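Colleague: give me coordinates for this.
(one chain, ligands or ions: 1)
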Amino acid sequence: MTRQPDVLLTPRLSLRRPVPADAAAVLRILSDPAVARHHPSELVTELDEVEALVGRWREHWEHHGFGNCCVVEESTGLLVGNAGVRWTSTGGGRGLNLMYRFSPSTWGRGYATEAADGLLGWVRASLPDELVVARIRPTNLSSQRVATKVGLRRDPDHDAQGDDGVEWAFTNRT
Ligand SMILES: CC(C)(COP(=O)(O)OP(=O)(O)OC[C@H]1O[C@@H](n2cnc3c(N)ncnc32)[C@H](O)[C@@H]1OP(=O)(O)O)[C@@H](O)C(=O)NCCC(=O)NCCS
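Modeller: Numbers count the residues shown, from 1 in each chain. Next up, the predicted model:
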């Protein structure tokens, strides 16, 4: 099994394997309507929903050795977001779905770019032949900007229908 380190460090952040006690901090981020703006179906308001979600992240880690991480700001120790890769089906094959979400109070500092860059560095070293796909709503310009800053490119062959409408694919296919 290809294992991601339990803690992946970037210059300002640590991306670590989630634990059940993270649920309350994750709820504070995912219950913010600004975070769910482009994905209203992902808005969660109850702690038990987030406990179940964190449980699913942990199951992916247990079965595959990597997955969605809790992102901690090193200067404050605060949990400021989630980011990670997990297996997905795409274009009739498999891929690694890259996702990132951050607390609005930290937006614009380059954190999503830094986290995605760290994750892609690990993928390049550990799973170099895998397709990476970020699925992004057409109106989510800041997320598209993050994807292109870390080297992903628009790849309509992998566009998909999500729960909130069409999702554009940005992939590492050359
Ligand atoms: C998308 C998200 C993760 C970006 O996080 P972030 O830490 O602010 O991202 P960064 O600071 O690394 O980069 C954001 C980039 O988008 C740009 N940007 C911000 N708003 C923009 C807009 N309305 N139009 C175009 N670009 C925009 C910023 O200027 C920056 O680019 P730059 O470095 O070239 O100036 C964050 O907004 C978020 O969590 N959104 C809610 C959840 C979400 O939509 N996640 C993605 C799901 S696919």
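
Colleague: in this protein, mark out all the strands, start to finish.
Modeller: 7-9, 13-16, 69-73, 79-90, 93-102, 132-136, 153-154, 160-162, 165-171 (DSSP state E).

Colleague: need those in TSV (columns: mean pLDDT, distance to the ligand and mean neighbour count).
Modeller: For the C-beta atoms, the positions are set from N, CA and C on the backbone; glycine is no exception. Formatted as TSV, these follow (pLDDT from 0 to 100; distance: least, Cβ to the nearest ligand atom, whole Å; neighbours: other Cβ atoms under 10 Å):
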stretch	mean pLDDT	distance to the ligand	mean neighbour count
strand 7-9	98	16	15
strand 13-16	98	10	21
strand 69-73	98	10	24
strand 79-90	98	6	20
strand 93-102	98	4	20
strand 132-136	98	4	25
strand 153-154	98	14	13
strand 160-162	96	9	13
strand 165-171	98	8	19
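
Colleague: out of those strands, flag the one nearest His39.
Modeller: Set against His39 and scored by Cβ to Cβ, the strands of the chain come closest in strand 160-162, at 7.6 Å.

Colleague: in contact with the residue nearest the centre of the chain, which residues?
Modeller: With distances taken as Cα atoms, centre = their mean, Met99 lies nearest the centre of the chain, 2.3 Å away. By Cβ atoms under 8 Å, 6 or more residues apart in numbering, the contact set of Met99 is 68, 82-86, 134.

Colleague: one more pass at 10 Å, please.
Modeller: 68, 82-86, 88, 116, 119, 134-136, 143 (Cβ atoms under 10 Å, 6 or more residues apart in numbering).

Colleague: quick one: name the residues of the protein near the ligand.
Modeller: 35, 38, 100-102, 107-113, 136, 140-143, 145-146 (Cβ under 6 Å from any ligand atom).

Colleague: rerun at 5 Å
Modeller: Applying Cβ under 5 Å from any ligand atom, one finds that the chain approaches the ligand through 35, 38, 100-102, 107-108, 110-113, 136, 141-143, 145-146.

Colleague: of those, keep whichever come out buried.
Modeller: 35, 38, 100-102, 111-113, 136, 143, 146 (16 or more other Cβ atoms under 10 Å).

Colleague: which of these sits closest to Ala52?
Modeller: Arg101 (17.0 Å).
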